[in-house]
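Trainee: The amino acid sequence is not available; the structure is as follows:
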């Protein structure tokens, strides 16, 4: 009887401990430090990081948790997903979506899949080695009406209750930074500037005047039919290059703040909106280019290392062999055979080490979350 009671007590204690561990990994909404409707300025703190907020008031409108994709090999806890709106009395002018892991891991997080795309206007990969990653991107975004991200659905409902109009078309700037333990994925989206209308003809009774708001809304609604990556029809409005370049310039300005905030070094910041003029000392700076992101594969790395090794070995061997043989033709023939054979062996060896060896600079695989998907 005593043995049974001790075992029951142990099971009860184990169950209580398990519940506590589960709660610490996946806290319930009532224990979250954030509530929808809160307003934030300057910076926002989450899981040991600080996220810079452009000037103005940002309202937290959606909070949720989501799984990672694919699931990492080790336990990762939960991924916090938060949505902020910057709004006027009747409309949302900008939004911010951020993802951060709730507990540290040890396997790394890699780049976002959006930083691996070649067809978007701007991608820049600053770091993708030793399980550290940092990349930025800029793209037009037309938000699909139905989303799987729970925090976004809550944000849309919040905007509906407040009477805020939520446009479908945006220009998005994304940042992804991670180390072996933590990840921070921040995405800012801003309303594109008004679409310039063609000049009126003499047959137009409103010659020289802008079209009504209803027509402007109809033009904005055409965004979801635009193929941004191919030549569009001249009658369909697309984001102009100046707007994209301005957002790229703003992204380069913001990147150092995101890096510092990842280590919680931002007590306060002043971050302008993309459509605000840059500081005077930066106004004359040239617009950044759009270099394509490039990653070196194990095969290419092995080939370059093999060629470098072969050039060095051939030069050395020719000199040494000639000292003993004293016949340039014989030495050259031997080197052709020897270098061809050893070059193939070296390439296979380099490829196997780069792929399966204990690499210090192995890149982490991509671990992604539930994002707001485009149409």
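Mentor: Nice, thanks for sending it over. Just so you know, these numbers come straight off a predicted model, no measurement behind them. Numbering: from 1, shown residues only.
Trainee: can you map out the strands along the stretch 251-375 of the chain?
Mentor: Counting by DSSP state E, counting those that start in this stretch, no segments of the stretch 251-375 of the chain form strands.
Trainee: what residues go with each domain of the protein?
Mentor: 34-283, 298-356 (automatic domain parsing).
Trainee: For residue 368, which of those domains is the nearest?
Mentor: Closest to residue 368 of these, according to Cβ to Cβ: domain 34-283, at 4.8 Å. In this view, the C-beta of every residue, glycine as well, is placed from N, C-alpha and C.
Trainee: Below-threshold pLDDT in the stretch 201-350 of the chain: ranges please.
Mentor: 201-238, 279-299, 301-302, 310, 314, 318-326, 331, 339, 342-343 (pLDDT under 70).
Trainee: want to throw the domains of the chain into CSV with distance to residue 369 and mean neighbour count?
Mentor: Output for those, formatted as CSV (distance: least, Cβ to Cβ, whole Å; neighbours: other Cβ atoms under 10 Å):
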stretch, distance to residue 369, mean neighbour count
domain 34-283, 5, 17
domain 298-356, 27, 14
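Trainee: now those domains as TSV including distance to residue 371?
Mentor: Putting the domains of the chain into TSV (distance: least, Cβ to Cβ, whole Å) gives the following:
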stretch	distance to residue 371
domain 34-283	7
domain 298-356	28
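Trainee: Of those, which is nearest residue 375?
Mentor: Among the domains of the chain, the nearest to residue 375 by Cβ to Cβ is domain 34-283 (4.5 Å).
Trainee: Contacts only, for the closest residue to residue 273 other than its chain neighbours.
Mentor: Nearest residue to residue 273, sequence neighbours excluded (Cβ to Cβ, 6 or more residues apart in numbering): residue 54, at 4.8 Å. By Cβ atoms under 8 Å, 6 or more residues apart in numbering, residue 54 lies in contact with 86, 94, 188, 271-274.
Trainee: Might you report the residue contacts of the closest residue to residue 81 other than its chain neighbours?
Mentor: Leaving aside its sequence neighbours, residue 81 sits nearest to residue 151 (Cβ to Cβ, 6+ apart; 4.3 Å). Contact partners of residue 151, counting by Cβ under 8 Å, 6+ apart, are 62-64, 66, 81-83, 97.
Trainee: Check what pLDDT residue 151 gets.
Mentor: We have a pLDDT of 93 for residue 151.
Trainee: name the element it belongs to?
Mentor: Here residue 151, judged by DSSP states H and E, is contained in helix 150-162.
Trainee: Sheet partners, orientation included, of the next helix or strand after that helix?
Mentor: For helix 150-162, the succeeding helix or strand toward the C-terminus, using DSSP H and E, is strand 169-178. For strand 169-178, the paired strands and their directions (DSSP bridges) are strand 132-142 (antiparallel), strand 183-190 (antiparallel).
Trainee: what's the closest of the ones you listed to residue 249?
Mentor: Here strand 132-142 is closest among the strands paired with strand 169-178 (Cβ to Cβ), at 9.9 Å.
Trainee: wait, residue 107 sits on residue 182?
Mentor: No. Counting by Cβ atoms under 8 Å, residue 107 sits too far from residue 182 to count as a contact (11.7 Å).
Trainee: Show me what the helix or strand containing residue 128 packs onto, helices and strands only.
Mentor: In the assignment (DSSP H and E), residue 128 maps to strand 122-129. Applying 3 or more Cβ pairs under 8 Å, 6 or more residues apart in numbering; DSSP states H and E, we find strand 122-129 packed against strand 132-142, helix 241-262.
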